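>>> All I have is the shape, not the residue letters:
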C-alpha cells in the first residue's frame, strides 16, 4: 500500500473506515469508495482530485503492520483523522533534508569534480578517517613524520593541524558537543563534575530529517485490525499514541522521544571515573531499525533538565521540523519511553532503592532523615504528555530472563540435582543453538542469551522427575515469557498471556510442596518476588504502549562502548580530556555524515541514478532481518558497489533470490554449488550412510512419479542445506536461514549427525538422513528424468502419538516409525524443528549428544525451540 503525497497547506492524511464498514471517504473530495485501496488508486490516477501543480511524486512510508503480502486480505486500518499534516509556508525557501543541506555547502563547487575535496580521493580520505578514528593527535603527528614517507607518496596533510583543518572543511555538521562544569551545593566530589552534551531538540531534528530513514518512518497513530481483532505492535498502534494526538492541534505530528541511560566505569582498577550517558532516539523510526544515592540523583536530574529543556518546550508549544523527504511538519515531542535498569528507574521515578515505598512507616522515616522524600525537581516534571508510570517500561532482560535465572531455574535445580546437567549435556547439537556441554547448574552468572537458550529446552527435561503440576507451572511461566516477547500482539495473544500467568499461579503450590522455593537455609512458603508482581502489569502496558520488545536496552548497552569507553581511551588523559572527548565525538559525527555524502554523491554521478529517489522508491521490499542497518540498506540500493565501504551489521542473506523456492514461494532452500560428495553409485551411498533400504525407497519414489530408475544413475550428496522462512508476525520480513545437517556416520555420531524437520504441510516429523541429487556418472552424457533432477532427501518418520499436545508440557509427542525410510523433494520440508526424548528415568552412561536421537522411541516436538516456531505450533494446537 503506497500513498502519494502532494504539497499543500496540509497534505494527504488517510482516515480508513472501521474494519466492519466497507465505505471509505477520499480525504480530499470526500467521495465514497469501497476500500482504502480504491481511494489510493483514485488519488494516484490520472484524474486525481488533487491539483496538478501540487503533485510531486513522493511517498508516505507504509506502516510496518500493513507491509504484508497481497494474499493477507484480513488486515484493515484506521488512521487518526487529524495527524501528520505537511505545511508549505508562503515565500518559504525550498526545504532541505540532511543530504541536501550538505550539497549546499560553500565548497560544493569544488566537489563537483572531486567529491572527496579537500582530500584528493578516496584513498587519502580513508587514510585520514583511519588516523582520526584510531590515533591520538600526538600519534597522528608521529605517523606523518615517519621516514617511510620519504619513499612513498605523502598525503596533502603533513601534520595533525593540517589534517584537522581539512576535517573542518567537510560538509557534514550535526549538533555540536559542548562541555559544562557543574557545581551543586552540598554535593562534594574529588573531581569536578563535567556535563558533555548537545541540545536534545537539535539531535531530534537531525534524526527526523535524515533521508536514510525515509522508508522506515511513521507519523500517524493508527489502529490495525486482523479480522475483528486489534493488533498492537509499534507504539503508533497503542492507545497512548491516539490519546496524545487527540490533545494536540489539528495537523500536528508526534515525534515521540525515547531515552536510554546507564552508568558505566571508563577507567579500570584506578581513577574511579564514571560516565552516565543519555541516549536519545525518536519513535517515528520503525522499531526494527532503531536502537536502548539522593545527591547523585539530584545532580543527574539537573543535567537531564539542561539537555532536554528545548524538547520540553517543543512538547508544550510545538516546533516545525523537516522530515526525511524535505517536507515540513508541526511537531510535538512527548517522552514516551526511558529505558533503564531497575535501580536507574527508581532514581528516575525519585524513589529510594533501599526502602520499600509501600512500607509507609519505613519510607517516611527515611524521608525525614533527608528532609525530603527524594528529588523535588525531576527532569520530567514539566514535560507535557510524559508520565513515569507509562514511560518507565519493564525491561524484558531483567523482568523476564533474569527472573527465570534467579527463580525458575533454581526451582528446577532443587528438584533435579545432578540429573539436570546430565540431560543438558546429552541434548542433540544443532547449529546456531547453544549446547551446554558442561551442564547449567554450576554457572552462577549468564548472559541474557544464555537464559533464553536454557528456556528453549527446560520444560521437557522435567518429564519423569517433577509432578505434573510442577511441570505445568514451569510450562505456564515459559509460555508467559514467550508471549510477552511477541513483536506483534492481538487481543487474543494478550488474553493468552494473561491466562498463562494465571495458570502459573494456579499450579505454583506444587513448587512449594516440592520445597523448591528456597530461602536462606530453608524452604520458603511464599512467592514474595517483585519481578513476579511486575508481570501483572504487562497486559496493561501493552495496551498503552504496544509491544514491549520495542523498548530494548541492547542498543544503548552497545553505545556505552562506542560513545563512552572508546572516546575516553583515545584521549591523552590530561586535564583537558573532557574537551578532547567532545572533540572526538564531533569528529566521529562529521566522518559518518561525510561517508554518507560521498557514497550518495558517487551514485548521483552514475547515468540515470538519483540516490534520493532510488533509496526511497526502490528499496528492497524483502526486509532480511531485524538487525539490518537502514543506512546500509539505503546505500546498497543507491550505490551497491560502495556498500562495502560502510560499516554496518551484515544483512541476512536472501535465499529467495537465487536459492530453491517452494511451490508456494513461501520457503527458500539452499545447497552449495559444489556437493560434498560427487557421483556415488547406489551401493556406495548405502554403505556410506548405513541406509540399506535406500534403493527400495528410491524405487518407490520414482514409481509414484511414473518413471523408472536408470541403471547408470549416480548421486551427488550434501552434508547440510539451509532453509529460510518468512516471519510469522511480519510476512514480508525474511528470517535468518537455519542449517539442517545430514552427516554420514562417524566416530562421534555412530548413526550420523542428522537433524529433524517438519514436512508435508507440517503434518509429519522426520529425521533427514541423506541430502542428494541424482546425476549421470562422469564421462556419460545422459538425461536424468525430470522428477529425479531436483534435490531430494531421504527421511525417517516419527508419528504423532496423540491428536493434541501433552497437557502438562503443552508439547506434541511423537514416536519413531520402525519401517523403511521415504524419499521426498527438498521443497516438501516446511520447518527445521528440535525433538527431545521423553525421559522416563536416569540416562544410561552410553547416552550422549551423538546418539540421543537414535536410542529413544518417544520424543517431544519442542515448541520452545524458537519464537517463530512457538507461535506457529500454538496456532496449530488451537486449530
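Here it is on my side, so go on. Because the structure is a prediction, the values reported are computed rather than measured.
>>> Check the contact between residue 516 and residue 411; I expect there is one.
Yes: judged on C-beta atoms under 8 Å, residue 516 makes contact with residue 411 at a distance of 3.9 Å. No exception for glycine: its C-beta is placed from N, CA and C like everyone else's.
>>> if I read this right, residue 766 contacts residue 814, doesn't it?
No: look at residue 766 against residue 814 with C-beta under 8 Å: they stay out of range, at 9.8 Å.
>>> For the stretch 201-350 of the chain, give me the ranges with low pLDDT.
When residues are selected by pLDDT under 70, those of the stretch 201-350 of the chain lie in 266-272, 287-300.
>>> Common neighbours of residue 766 and residue 814, please.
residue 798 (C-beta atoms under 8 Å, 6 or more residues apart in numbering).
>>> which residues touch residue 97?
Contact analysis of residue 97 by C-beta under 8 Å, 6+ apart lists 209, 210, 211, 322, 323, 324, 325, 326.
>>> The second one: neighbour count?
Using other C-beta atoms under 10 Å, the number of residues around residue 210 comes to 24.
>>> Excluding sequence neighbours, find me the nearest residue to it.
Among residues not flanking residue 210 along the chain, residue 98 sits closest, at 5.4 Å (C-beta to C-beta, 6 or more residues apart in numbering).
>>> can you tell me how far the one you found sits from residue 109?
Distance check for residue 98 against residue 109: by C-beta to C-beta, to the nearest Å, it reads 20 Å.
>>> Who has more neighbours out of the two?
residue 98 (25 against 9).
>>> The more buried one touches residue 209, doesn't it?
Yes: using C-beta under 8 Å, residue 98 is in contact with residue 209, at 5.3 Å.
>>> Grab the nearest non-local neighbour of residue 95.
Here the residue nearest residue 95, using C-beta to C-beta, 6+ apart, is residue 326, at 4.5 Å.
>>> wait, doesn't that neighbour sit right on residue 98?
No: using C-beta under 8 Å, residue 326 is not in contact with residue 98; the gap is 9.7 Å.
>>> Quickly list what's touching both of the two.
Shared contacts of residue 326 and residue 98 (C-beta under 8 Å, 6+ apart): residue 209.
>>> Contacts only, for residue 307.
By C-beta under 8 Å, 6+ apart, the contact list for residue 307 reads 195, 197, 198, 199, 200, 278.
>>> now what about stretch 500-508, what contacts it?
The contact list for stretch 500-508, computed with C-beta under 8 Å, 6+ apart, reads 469, 470, 472, 473, 476, 477, 479, 480, 483, 527, 535, 536.
>>> Could you write me a PyMOL select line covering just the buried ones among those residues?
The PyMOL selection below is limited to those of these classed as buried (16 or more other C-beta atoms under 10 Å):
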select buried, resi 469+470+472+473+476+477+479+480+483+535
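>>> Distance to residue 745, secondary structure and pLDDT for the contacts of stretch 500-508 - can I get that in a markdown table?
Putting these into a markdown table (distance: C-beta to C-beta, whole Å; DSSP: H, G, I helix; E, B strand; the rest coil; pLDDT from 0 to 100) gives the following:
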| residue | distance to residue 745 | secondary structure | pLDDT |
| --- | --- | --- | --- |
| 469 | 42 | helix | 94 |
| 470 | 39 | helix | 94 |
| 472 | 39 | helix | 95 |
| 473 | 41 | helix | 94 |
| 476 | 41 | helix | 94 |
| 477 | 40 | helix | 94 |
| 479 | 38 | helix | 93 |
| 480 | 42 | helix | 94 |
| 483 | 41 | helix | 92 |
| 527 | 49 | coil | 89 |
| 535 | 47 | helix | 90 |
| 536 | 52 | helix | 90 |
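>>> Out of the contacts of stretch 500-508, which is nearest to residue 404?
residue 477 (7.5 Å; C-beta to C-beta).
>>> how close does the closest one sit to residue 489?
19 Å.
>>> now do residue 416
34 Å.
>>> Look at the two and report which has more neighbours.
Between residue 416 and residue 489, counting by other C-beta under 10 Å, residue 489 is the more crowded of the two (26 against 18).
>>> For the residue lying closest to the more buried one once chain neighbours are set aside, which residues are in contact?
Leaving aside its sequence neighbours, residue 489 sits nearest to residue 232 (C-beta to C-beta, 6+ apart; 4.2 Å). Each residue near residue 232 by C-beta under 8 Å, 6+ apart is listed here: 238, 488, 489, 490, 494, 542, 543, 546, 547.
>>> Just the ones of these in strands?
For these, the ones inside strands are 489, 490, with DSSP state E as the criterion.
>>> residue at max distance from the center of the protein?
For the chain, the residue at maximal distance from the C-alpha centroid (C-alpha atoms, centre = their mean) is residue 711, at 51.9 Å.
>>> Quick check: that one is in a helix.
No: Residue 711: not assigned to a helix; according to DSSP: H, G, I helix; E, B strand; the rest coil it is coil.
>>> And stretch 765-778, what's buried?
765, 766, 767, 768, 769, 770, 771, 772, 773, 774, 775.
>>> Doesn't the third one lie inside a helix?
No: counting by three-state DSSP, residue 767 is located in no helix; its state is strand.
>>> Which strand residues bridge it?
residue 756, residue 796 (DSSP bridges).
>>> Kindly provide the distance from it to residue 755.
Distance, residue 767 to residue 755, using C-beta to C-beta: 7 Å.
>>> Check the first one too.
Look at residue 765 and residue 755: by C-beta to C-beta, they are 11 Å apart.
>>> again with the fifth one
Here the criterion is C-beta to C-beta. By it, residue 769 lies 10 Å from residue 755.
>>> the strands in the stretch 1-150 of the chain, which residues?
Counting by DSSP state E, counting those that start in this stretch, the stretch 1-150 of the chain has these strands, from start to end: 3-6, 24-25, 32-33, 55-60, 75-79.
>>> Which of those comes out lowest on mean pLDDT?
Lowest mean pLDDT within the strands of the stretch 1-150 of the chain: strand 3-6, at a mean of 30.
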